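Peer 1: starting from these lines, generate the structure:
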Amino acid sequence: MAVRGGALGHFGDARRAAIGNTLVERVVETGSLVIRKLGGTRAREIAIHRFLSAPSVTCGEMVETLAHCTAVACKGRRIVAVQDTTEINFAGREERRRGLGPAGDGVSAGFFLHPVIAIDSETEAVLGLIDAKIWTRSDGFDPTPARERALEDKESVRWLEGASHAADRLTDAASVVVVADREGDIYAGFARRPASIEMIVRAAQDRVLDDGRRLFAAPEAWPELVRSEVRVAPSRTGIAARVATVALRAGTVTICRPRHGGDVGGPAHLTLTMVEAREVDWNGEGTPLLWRLLTTIETIDADGAAEIVRLYRLRWRIEEVFRSLKSDGLRLEETQMQDAGRLFKLALIGLAAATRTVQLVDARDGSDRPATDVIDPGLLPAADAIAPTLEGKTPRQKNPHPPRSLAWLAWIIARLGGWNCYYKPPGPKTMRAGWATFASMATGFIIAAQSNP
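Peer 2: Numbering: from 1, shown residues only. Here you go, the predicted model:
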């Protein structure tokens, strides 16, 4: 079934392509990455293991295929490309896994996943995966100090690669802003920025500027532009979201090329816009918000500063994907898969499914975005045919949304999942079950249409 974000690749064989497509849908439906649950029968379990073990099934093709689907959805839109890294740590579990090096603690087996997710800057909707890098560390110790290593030899090169791939793959987007929540090798990131994109990076180090001032002290000389409300997403399960009132200041700063490492051939200085968002009237809950944002977007007025903060805030959407992939959702860190090669492939399948789950939860709230943000145009006739069969006689049992909108499709999926149009809105389990039913029905519709042209 050709579903936006569901197609994984061809892998040189139509049967493997079909298994890959089905796997993503099964993960979404079951909410699990356990092969036994995904298979359902012993024969299908064996088929999944063979799929993950096949040399022709590569992480590279999965990423390319998923990114292509996302690029189609991004055409003509203003896109925020958010990148971040998450760690899969097997501490406290069976750690004898072939091919895995140490995780971030230097002891437990684990690996790292660095995706780039496309978000519509106007609707704040997750559109899909643009890029992903997955790796594990070597057991060997490299005595070379980090600042003396070539940039290409550092793990931090992934941030540059993520920005570069976003620029290459989103050429049809109206605009692209790459957002990151860290600043290792920040100079190289800005110096090597593709001309077709803008960047926003949260500063973490108090650098010396070219005029001798300190970066973090620079906003003290700038006037307060405006006070604005910012929704602070929960940092973890059990922590409620809150709204913070922040004072915004903005100005220009010039950072210097590092003396060690970095881009020795880059310009000696880079002039950037800095926006500071500092929480005022903090009520004592959590940690007071303080964002120091460096960006290539040239603006120092109130509206421009507020827009920079709004775009940066959208990075909370990638945190939702991570939670859906890990402990709050698919529980990737609890998988029993032992081999690193197969584990990496399973992780990418889980990432695709986690992204889809976030999209489905978004859709249930209603949106006039096109249904083709989630399904390919070829499936719309199937949805058109299914929709009337789900409507009842009362107004509450009619689909109230514009035909072929995402909200219209979400209503169909919710009904297929057992929602009765009354009481509370459909939950994630209902949406997952409905999606599985829709996938089966749409596939049958396509087969019937091809058999009776």
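Peer 1: show me where the chain has strands.
Peer 2: 78-83, 86-89, 110-120, 126-135, 175-180, 198-202, 226-232, 242-256, 269-279, 290-295 (DSSP state E).
Peer 1: so which of those strands gets nearest Gly212?
Peer 2: strand 242-256 (10.6 Å; CB to CB). C-beta: built from backbone N, CA, C; applies to glycine.
Peer 1: just checking, what packs against the closest one?
Peer 2: helix 186-191, strand 226-232, strand 269-279, strand 290-295, helix 302-313 (3 or more CB pairs under 8 Å, 6 or more residues apart in numbering; DSSP states H and E).
Peer 1: who's in contact with the second one?
Peer 2: With CB atoms under 8 Å, 6 or more residues apart in numbering as the test, strand 226-232 has contacts from 241-248, 277, 280, 286, 289, 302, 305-306, 309, 313.
Peer 1: next, the angle strand 269-279 makes with it.
Peer 2: 80 degrees (axes from the mean of the first three to the mean of the last three CA atoms, to 10 degrees).
Peer 1: Ile79 against Glu122, yeah?
Peer 2: No. If you go by CB atoms under 8 Å, Ile79 and Glu122 don't touch, sitting 9.9 Å apart.
Peer 1: picking that back up, quick one: buried ones out of the contacts of strand 226-232?
Peer 2: 244, 246-248, 277, 289, 305-306, 309, 313 (16 or more other CB atoms under 10 Å).
Peer 1: how about the helices in this structure?
Peer 2: 14-30, 35-39, 42-53, 59-74, 157-169, 186-191, 302-313, 316-325, 340-363, 380-386, 406-416, 428-451 (DSSP state H).
Peer 1: out of those, nearest to Leu272?
Peer 2: helix 186-191 (6.6 Å).
Peer 1: helices and strands around that closest one, which ones?
Peer 2: helix 157-169, strand 198-202, strand 242-256, strand 269-279.
Peer 1: select, out of the ones you listed, the one closest to Ala188.
Peer 2: helix 157-169 (6.4 Å).
Peer 1: ok, and what's touching that closest one?
Peer 2: 67-68, 70-71, 81, 83, 85, 114, 116, 118, 130-131, 133, 151, 176, 178, 180, 182, 184-185, 188-189, 192-194, 196-197, 199.
Peer 1: next: stretch 390-400.
Peer 2: 387, 408, 411-412, 415-416, 421-422.
Peer 1: against Gly427, how distant is the residue nearest to Leu343 when sequence neighbours are not counted?
Peer 2: Excluding its sequence neighbours, the residue lying closest to Leu343 (CB to CB, 6 or more residues apart in numbering) is Met337, at 4.6 Å. Distance, Met337 to Gly427, using CB to CB, to the nearest Å: 29 Å.
Peer 1: tell me which of the two has more neighbours.
Peer 2: Met337 (19 against 13; other CB atoms under 10 Å).
Peer 1: how far away is the more buried one from Arg193?
Peer 2: 37 Å.
Peer 1: same question, Leu346
Peer 2: 33 Å.
Peer 1: more neighbours: which of those two?
Peer 2: The residue with more neighbours, out of Leu346 and Arg193, is Leu346; 22 against 18, by other CB under 10 Å.
Peer 1: confidence score at the more buried one?
Peer 2: The model reports Leu346 with a pLDDT of 95.
Peer 1: number of nearby residues for Ala385?
Peer 2: 14.
Peer 1: out of the helices and strands packed on helix 186-191, which comes closest to Ala17?
Peer 2: Here helix 157-169 is closest among those (CB to CB), at 21.0 Å.
Peer 1: what comes up buried for the closest one?
Peer 2: Buried residues in helix 157-169 (16+ other CB under 10 Å): 157-160, 162-167, 169.
Peer 1: and if you look at stretch 90-109?
Peer 2: For stretch 90-109, by 16+ other CB under 10 Å, it's 90, 97, 100-103, 108-109.
Peer 1: will you turn those into TSV that also has distance to Ser53 and pLDDT?
Peer 2: Converted to TSV, these look like this (distance: CB to CB, whole Å; pLDDT from 0 to 100):
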residue	distance to Ser53	pLDDT
Phe90	20	83
Arg97	15	68
Leu100	17	85
Gly101	21	81
Pro102	25	81
Ala103	24	82
Ser108	25	83
Ala109	20	83
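Peer 1: out of the residues you listed, who's nearest Ser32?
Peer 2: Phe90 (17.5 Å).
Peer 1: how near is the closest residue to the closest one other than its chain neighbours to Arg257?
Peer 2: Once flanking residues are discounted, Phe90 sits nearest to Ala109: 4.8 Å by CB to CB, 6+ apart. Ala109 is 38 Å from Arg257, where distance means CB to CB.
Peer 1: please parse the chain into its domains.
Peer 2: Following automatic domain parsing, one finds the domains of the chain at 199-295, 364-451.
Peer 1: Ile46: which of these is closest?
Peer 2: domain 364-451 (21.6 Å).
Peer 1: could you report the neighbour count for the residue nearest to Pro428 when sequence neighbours are not counted?
Peer 2: Of all residues not flanking Pro428 in the chain, Val361 sits nearest, at 5.6 Å (CB to CB, 6+ apart). Number of residues near Val361 (other CB under 10 Å) recorded here: 18.
Peer 1: and the gap between Val361 and Gly427?
Peer 2: 9 Å.
Peer 1: ok, now Ala81?
Peer 2: 30 Å.
Peer 1: Ala241 now?
Peer 2: In terms of CB to CB, Ala241 sits 19 Å off from Gly427.
Peer 1: next: Thr254.
Peer 2: 51 Å.
Peer 1: helices or strands next to the lowest-mean-pLDDT helix or strand in the chain in the packing?
Peer 2: Least confident helix or strand of the chain, by mean pLDDT, DSSP states H and E, is helix 428-451 with a mean of 82. Contacts defined by 3+ CB pairs under 8 Å, 6+ apart place helix 428-451 against helix 14-30, helix 340-363, helix 380-386, helix 406-416.
Peer 1: export it as CSV, just CAs?
Peer 2: Provided in CSV are the C-alpha atoms of helix 428-451 (Å, rounded to 0.1, in the frame of the first residue of the first chain):
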residue,chain,number,x,y,z
PRO,A,428,-4.4,6.9,19.6
LYS,A,429,-5.3,3.2,19.9
THR,A,430,-8.6,3.8,18.0
MET,A,431,-6.6,5.7,15.3
ARG,A,432,-4.0,3.0,15.0
ALA,A,433,-6.7,0.3,14.6
GLY,A,434,-8.6,2.3,12.1
TRP,A,435,-5.5,2.9,10.1
ALA,A,436,-4.8,-0.8,9.9
THR,A,437,-8.4,-1.4,8.6
PHE,A,438,-8.2,1.4,6.1
ALA,A,439,-4.9,0.1,4.8
SER,A,440,-6.4,-3.3,4.2
MET,A,441,-9.6,-1.9,2.6
ALA,A,442,-7.7,0.5,0.3
THR,A,443,-5.4,-2.3,-0.8
GLY,A,444,-8.4,-4.4,-1.7
PHE,A,445,-10.0,-1.5,-3.6
ILE,A,446,-6.9,-1.0,-5.7
ILE,A,447,-6.6,-4.7,-6.5
ALA,A,448,-10.3,-4.7,-7.5
ALA,A,449,-9.9,-1.6,-9.7
GLN,A,450,-6.8,-3.1,-11.4
SER,A,451,-8.7,-6.4,-12.1
